[in-house]
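Engineer: Structure for this input, please:
(one chain, ligands or ions: 1)
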Amino acid sequence: MPSGQTHDRITLWSLPAVTGLTLAVTRSSNLALIVSGGFLFSGLMFSPDLDLRSRPFKRWGWLRWIWIPYQKVMRHRSFFSHGLLIGTTLRVLYLAVCFLLLGVFIVGIIQLFRDIAWSWQGLEREVRRSLFEHRVEWIALFAGLELGALSHSFSDWLGSTYKRFKRKGLRELQPQKVKPKKPRRKSGRVKRRNSQ
Ligand SMILES: [Zn+2]
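Structural biologist: Down below sits the predicted model:
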């Protein structure tokens, strides 16, 4: 599979194409900016390779520990980190839960010293309102994140196919002909049973 540096290059080189295509499809510079931002963030920091100690993992700086439990659960290149849609969806949910827990912890500490108004219902209402009011923007962001993950998984697949090709030649890439299996001694056994 390609190195972290190659993945970074692929992200940076394909960014203008992603921006141009989104602009052509949506005719909105706002949405093109969100999709491109999501794509760039996905490629550099939110990549499927967060399932191991990779460049995207290190880029989280002092917050990188957030991803350690994720790495413990995910096998590298598993369907749940590199799979279509499921990889991005699980990472988004995972990050949302982490930020929520972190937020609750920080609010708890602040409340020890100052009395601030805080309620679960208030937060839930705010989140739902934002998700609904800015649904197009949220969908655009998710599309950008998914595009970044897709380009990663595709280049992983391309890299390993190329390596296999170099090792075993063209024949390895062609669909293998399945030889018809010779019938085993089953018929003999039947015969013997019949003769008894
Ligand atoms: Zn990967």
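Engineer: For the longest helix seen in the chain, name the packing helices and strands.
Structural biologist: For the chain, the helix with the greatest residue count under DSSP state H is helix 135-168. Using 3 or more CB pairs under 8 Å, 6 or more residues apart in numbering; DSSP states H and E, the elements in contact with helix 135-168 are helix 4-26, helix 29-44, helix 79-82, helix 86-113. All C-beta atoms are positioned from the backbone trio N, CA, C, and that covers glycine.
Engineer: How about the residues of this protein by the ion?
Structural biologist: 48-49, 156 (CB under 5 Å from the ion).
Engineer: rewinding a little: report the inter-axis angle for the longest helix of the chain versus helix 4-26.
Structural biologist: Angle, helix 135-168 to helix 4-26, by axes from the mean of the first three to the mean of the last three CA atoms, to 10 degrees: 140 degrees.
Engineer: Can you list the buried residues in stretch 79-88?
Structural biologist: In terms of neighbour count (16 or more other CB atoms under 10 Å), stretch 79-88 has its buried residues at 80-83, 87-88.
Engineer: And it, end to end?
Structural biologist: 11 Å (CA to CA, to the nearest Å).
Engineer: from now on call the first residue 690
Structural biologist: Happy to do that; since the first residue is 690 now, the last one works out to stretch 768-777.
Engineer: what does that stretch contact?
Structural biologist: By CB atoms under 8 Å, 6 or more residues apart in numbering, the residues outside stretch 768-777 that reach it are 731, 735, 737-740, 763, 779-780, 831, 834-835, 838-839, 841-842, 845.
Engineer: Okay then, goodbye and thanks.
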